[in-house]
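K.L.:
Give the three-dimensional model of this entry:
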Amino acid sequence: MGGMKKRTVAVAGVGIALFCLFLAFRNVPFGDLWAALRRAEYVWLVPAMAFVACSMIFRVFRWRCLLSPMKRIGFWDLFSAISICFMMNNILPARSGEFIRAILVGKKHGVSFSTVLATVVLERISDALCVMAFFILLVFSLSVSPDIKQLAVALVAGYLGLLALMVAARVYPRAVEGAAYRLFAWISPRAALKVRGAAASFVDGLSVLKDGPQVAYVVGHSVLIWTGILLTYYCINRAFGVRGLGFPGYALLLSMLSVAVMVPSPGYLGSFHLAYKKALTVFGHAGNVALACGWVAWGSQYIFINLVGVVCLWREGMSFSVLRREKEAAEGELGGG
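P.N.:
Below is the predicted model of the structure:
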């Protein structure tokens, strides 16, 4: 049954990727795309990948801060875990790499898997709040169409709901866990146990932040991370002569890419390219140039992150098959067996 479910998820992911690629390539002749790729100034990829590396380094410092109340962990161990996580996110569906980095750090340093996963959950909440800030910028931007503003308003409302849930979980932790279980218990007791496990990790993650300076440190590094991501795409866009986006344009681009990477396509294939193309064409750039930017942004990061991940995997003395087995065992543990 488990094998059938995995095959179904894999087939669905490939189908989604192909559909998104169809939408991305629609009305863009291959000759025009190839011409845009040939004209690009690829020297801009050097600073772009430097900013990718900087973002990863800032993630290490942020995660180390969140883990510090439990245990002080060295920079390179955390860097390896994050690099392997990103590589596995490129390969496995549903961002499964997040489980893997919690496994790597937890086993190596004697910290429980659920405790480490709680800090990963908190990291993702921090990233979600940064994305919400980009959506808010879009709402108040005069240079964005009403349709985009309406989408931004809807997504901001969703993120505000997440923020309200965070506050409720911090004040009434056990009540939130119980409500999560009861909400899904009528569908499937097994699913309810997994949801309750996820809710417990969510609650535990919030309890890690105990004082103002720690919150400020996490927020500050989240801003640095997303600044590095923004500058990555700025450099790639400059390689194709894309100018004039301004802050609203990059807010739209980052917002749409953040939604695109939630789509369960393998390695964000298709969803990333479609989102990149849509964001740039909103600001008047040609479809072939926008799609070429998307392909280079996706491909350069995919290669860079996977190469770093393979080196870190070698450093840890592990293999892909071992990682997959560990992930499946951890998911079973989180779901209560």
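K.L.:
Can you give me the buried ones in stretch 73-81?
P.N.:
Neighbour counts over stretch 73-81 (16 or more other CB atoms under 10 Å) mark 73, 77, 78, 79, 80, 81 as buried. The way it works is simple: take the backbone N, C-alpha and C, and place the C-beta from them, glycine included.
K.L.:
now swap in stretch 244-258 and tell me
P.N.:
Buried-residue list, stretch 244-258, by 16+ other CB under 10 Å: 245, 248, 249, 250, 251, 252, 253, 254, 255, 256, 257, 258.
K.L.:
Need those in CSV (columns: distance to residue 236).
P.N.:
Converted to CSV, these look like this (distance: CB to CB, whole Å):
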residue, distance to residue 236
245, 12
248, 18
249, 13
250, 12
251, 17
252, 16
253, 10
254, 13
255, 17
256, 15
257, 12
258, 17
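K.L.:
Packing partners of the host helix or strand of residue 137?
P.N.:
Element membership of residue 137, judged by DSSP states H and E, is helix 113-139. Helices and strands touching helix 113-139, by 3 or more CB pairs under 8 Å, 6 or more residues apart in numbering; DSSP states H and E, are helix 45-67, helix 97-109, helix 146-171, helix 189-208, helix 212-239, helix 246-260, helix 320-334.
K.L.:
comparing those, which gets the lowest mean pLDDT score?
P.N.:
Note on the helices and strands packed on helix 113-139: lowest mean pLDDT is at helix 189-208, with a mean of 63.
K.L.:
Please compute how far stretch 44-59 lies from its chain's middle.
P.N.:
Counting by CA atoms, centre = their mean, to the nearest Å, stretch 44-59 is centred 16 Å from the centre of its parent chain.
K.L.:
Is it correct that residue 234 is in contact with residue 250?
P.N.:
Yes: under the criterion of CB atoms under 8 Å, residue 234 makes contact with residue 250 at 7.0 Å.
K.L.:
Touching both of these two, which residues are there?
P.N.:
Here residue 234 and residue 250 have no joint contacts, going by CB atoms under 8 Å, 6 or more residues apart in numbering.
K.L.:
could you redo the buried residues of stretch 73-81 as CSV and give each row distance to residue 273, secondary structure and pLDDT?
P.N.:
Converted to CSV, the buried residues of stretch 73-81 look like this (distance: CB to CB, whole Å; DSSP: H, G, I helix; E, B strand; the rest coil; pLDDT from 0 to 100):
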residue, distance to residue 273, secondary structure, pLDDT
73, 36, coil, 93
77, 34, helix, 94
78, 31, helix, 95
79, 28, helix, 96
80, 29, helix, 94
81, 28, helix, 94
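K.L.:
out of those, who's nearest residue 103?
P.N.:
Of all the buried residues of stretch 73-81, residue 103 sits closest to residue 81, with 8.8 Å by CB to CB.
K.L.:
roughly how far apart are that closest one and residue 105?
P.N.:
The spacing between residue 81 and residue 105, counted by CB to CB, to the nearest Å, is 5 Å.
K.L.:
and if you look at residue 46?
P.N.:
As for residue 46, its distance to residue 105 is 31 Å (criterion: CB to CB).
K.L.:
next one: residue 276
P.N.:
Relative to residue 105, and taking CB to CB, residue 276 is found at 32 Å.
K.L.:
How about the secondary structure of residue 22?
P.N.:
helix (DSSP: H, G, I helix; E, B strand; the rest coil).
K.L.:
pLDDT score for it?
P.N.:
Reading off the model, residue 22 has pLDDT 93.
K.L.:
For it, the count of nearby residues, please.
P.N.:
For residue 22, the neighbour count with other CB atoms under 10 Å is 11.
K.L.:
Could you check how far the helix holding residue 137 is from the centre of its chain?
P.N.:
9 Å.
K.L.:
Which of the residues in that helix are classified as buried?
P.N.:
Going by neighbour count (16+ other CB under 10 Å), the buried part of helix 113-139 is 113-123, 125-128, 130-139.
K.L.:
What does the residue nearest the centre of the chain show for phi and psi?
P.N.:
The chain has residue 261 as the residue nearest its centroid, 6.2 Å off, counting by CA atoms, centre = their mean. For residue 261, the backbone dihedrals are phi -80, psi -10 (criterion: degrees, to the nearest 10).
K.L.:
Skipping its backbone neighbours, what lies nearest it in space?
P.N.:
residue 268 (5.1 Å; CB to CB, 6 or more residues apart in numbering).
K.L.:
again with residue 19
P.N.:
Among residues not flanking residue 19 along the chain, residue 270 sits closest, at 7.1 Å (CB to CB, 6+ apart).
K.L.:
how close does the one you found get to residue 58?
P.N.:
Computed as CB to CB, the residue 270 to residue 58 distance reads 28 Å.
K.L.:
Residue 128 now?
P.N.:
Separation of residue 128 from residue 58 (CB to CB): 17 Å.
K.L.:
Then residue 52?
P.N.:
In this view, residue 52 and residue 58 are 11 Å apart by CB to CB.
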